[in-house]
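Student: Next comes the sequence, and after it the predicted model I'd like to discuss.
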Amino acid sequence: MARRVVLPGRGNAVMAAAKTLGFADLFFYAASMALSIRWISVAAAAGPASLWIWVLAVVVFSGPLIVATAELTTRFAGEGGVYVWTEEAFGPFWGFLCGWLYWASNLPFFSAMLVFMLNLLALAIGPAGKALIGSPWLFTGVAVGLSIAVGALHYLGLGTGKWLSNVGGASNIVLVALLTVVGMLVFARQGSATDFARASYAPPLNADGAILWATMVFAVGGSEALAFLRNDVRGGMRTILAVLACVTLLQIAFYLAGTASMLAILTPQAATRLSGLPDALILGLKTLGLGALAPLVLIGGFLCLLGSYSAWFGVAARLPFAAGIDAVLPPAFGKRDPKSGAPVVAIAVQTAVVAVIVVLSQAGDTLKGAYDFLVAMSVLSYTLPFLFLFAVFLKLQVGVARSGAAPAKAWRTPGGCRVALAVGAVGMAATIVAVLCTLVPSPDARNQLLEAAKLVFASAVLIVSGVAAYVLATRRAGSG
């Protein structure tokens, strides 16, 4: 079946491709992007107070994001997601800058995910895995090799790459269900490691609390990425809307059950951000006399993260590809493999940049410190585009309120413009707070002032490089 894809900005292209994603494919793809087992460790380290903060994050950020994504995806025909939405609302420069930041945010995110998943794999291997964690350069070499392997897989096209994402999404759900069962059985056998009745449920007003909120906002994001796949989905917007509706309920159940179960096995003090989840699974299984299964469970966790990595990798590569078609990036970025339809240059560049970030992140720091820095950098750069997204959503609502009419086929927020404006304002406020929280350095950093400066500098480089890329593109267009 041929389809016409309208890309953002100056360049529209006709691409022949099959609609490769059904409801189940998209559901598990969403589960790979909007759920992640690694954020459960961050929440558990903050104690039982994180339970109600999960609900708050879904209500004030994920809920508005899903509503805005549903409406904006039906309002704009292109598959450039937040890139094309911002461009249509505020012009080409802001659209490109938003798309650049969204793409760039995935690069440290990929690197951080590689750190976490290889930590799981090393623990699954056992004593021999200590060499992988203990040697920064061995660890870096394996991480780079894995990133190249996933990039190579995406050369084969979305129809092939989706299976790894499907396995990851299904593994996410199965692993948290297993963690929940183990937590309940441990609680029934010897009681909870965490005293939920006497614990403080007040939000931690310190660096850990700031990291917690920023990370939770990051954790419950991802639903907006489905807009990039709209022209690959059988059933179109009906399928996307159905999956978006499932995501909200799934996020609450996933994160609440996973965090509570982990706290039943470990105390908050023992639940570290990097290794808390595998520690909880290993201890829980040993308590139940099932310690021999721990390596298999940890390998399942590795597959969860590998699937998530693959899902985000495939989505992210579409941004430089679209910008290449637009001629905002060099035209080579707009090239596709004639057989698989994969954006080969975009994939190659993305793979290379991730490898460089992995190498740089390991230079002169501990594994834990590098992980925290990568998370903070990816959370900040990922959160910034949501300022654009909610600004677009609010602008459209103001326009509809003034004109009194909306496109006939567009999905509308229940309750009309007043409710939509309130939803957008709540989402914008949650995003602003999350951005500010990302600037708080990790308490584990050796030099917190230097850590904050590194984070601000790295983000400034991303913004300046985006502006420079746009200026060069306009100059090329003018000279041409």
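Tutor: Now that the structure is in, tell me what you want to look at.
Student: From now on I want contacts and neighbour counts done on CA atoms only, so please keep to that.
Tutor: Noted.
Student: tell me which residues in stretch 196-209 are buried?
Tutor: By 16 or more other CA atoms under 10 Å, the buried positions in stretch 196-209 come out as Tyr201, Pro203, Pro204, Ala207, Asp208, Gly209.
Student: Dump those residues to CSV, plus pLDDT, secondary structure and distance to Phe333.
Tutor: Converted to CSV, the buried residues of stretch 196-209 look like this (pLDDT from 0 to 100; DSSP: H, G, I helix; E, B strand; the rest coil; distance: CA to CA, whole Å):
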residue, pLDDT, secondary structure, distance to Phe333
Tyr201, 84, coil, 49
Pro203, 78, coil, 45
Pro204, 76, coil, 45
Ala207, 74, helix, 40
Asp208, 74, helix, 40
Gly209, 79, helix, 40
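Student: Buried residues, stretch 50-58. List them.
Tutor: Neighbour-count burial for stretch 50-58 flags Ser50, Leu51, Ile53, Trp54, Val55, Leu56, Ala57, Val58 (criterion: 16+ other CA under 10 Å).
Student: Can you lay out these as JSON lines showing pLDDT?
Tutor: Output for these, formatted as JSON lines (pLDDT from 0 to 100):
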{"residue": "Ser50", "pLDDT": "89"}
{"residue": "Leu51", "pLDDT": "92"}
{"residue": "Ile53", "pLDDT": "91"}
{"residue": "Trp54", "pLDDT": "92"}
{"residue": "Val55", "pLDDT": "91"}
{"residue": "Leu56", "pLDDT": "92"}
{"residue": "Ala57", "pLDDT": "92"}
{"residue": "Val58", "pLDDT": "91"}
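Student: if I look at the residue nearest to Lys409 when sequence neighbours are not counted, how far off is Gln397?
Tutor: Sequence neighbours aside, Thr74 is the residue nearest to Lys409 in space, at 7.3 Å (criterion: CA to CA, 6 or more residues apart in numbering). Thr74 is 14 Å from Gln397, where distance means CA to CA, to the nearest Å.
Student: The two: who's more crowded?
Tutor: Gln397 (23 against 19; other CA atoms under 10 Å).
Student: My read is that that one contacts Ala420, right?
Tutor: Yes - using CA atoms under 8 Å, Gln397 is in contact with Ala420, at 6.8 Å.
Student: quick one on the thing from earlier: so which of the buried residues of stretch 50-58 are in helices?
Tutor: Ser50, Leu51, Ile53, Trp54, Val55, Leu56, Ala57 (DSSP state H).
Student: from those residues, which single one is nearest Pro92?
Tutor: Ala57 (31.3 Å; CA to CA).
Student: Could I get the contacting residues of the closest one?
Tutor: Trp213, Met216, Val217, Val220 (CA atoms under 8 Å, 6 or more residues apart in numbering).
Student: Now, these that are in strands?
Tutor: Taking DSSP state E, every one of the contacts of Ala57 sits outside strands.
Student: TSV for those residues, including neighbour count and distance to Trp137?
Tutor: Formatted as TSV, these follow (neighbours: other CA atoms under 10 Å; distance: CA to CA, whole Å):
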residue	neighbour count	distance to Trp137
Trp213	26	32
Met216	27	31
Val217	23	32
Val220	25	33
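Student: Format the residues you listed as TSV; extra columns: pLDDT.
Tutor: As requested, these are exported to TSV (pLDDT from 0 to 100):
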residue	pLDDT
Trp213	86
Met216	86
Val217	86
Val220	88
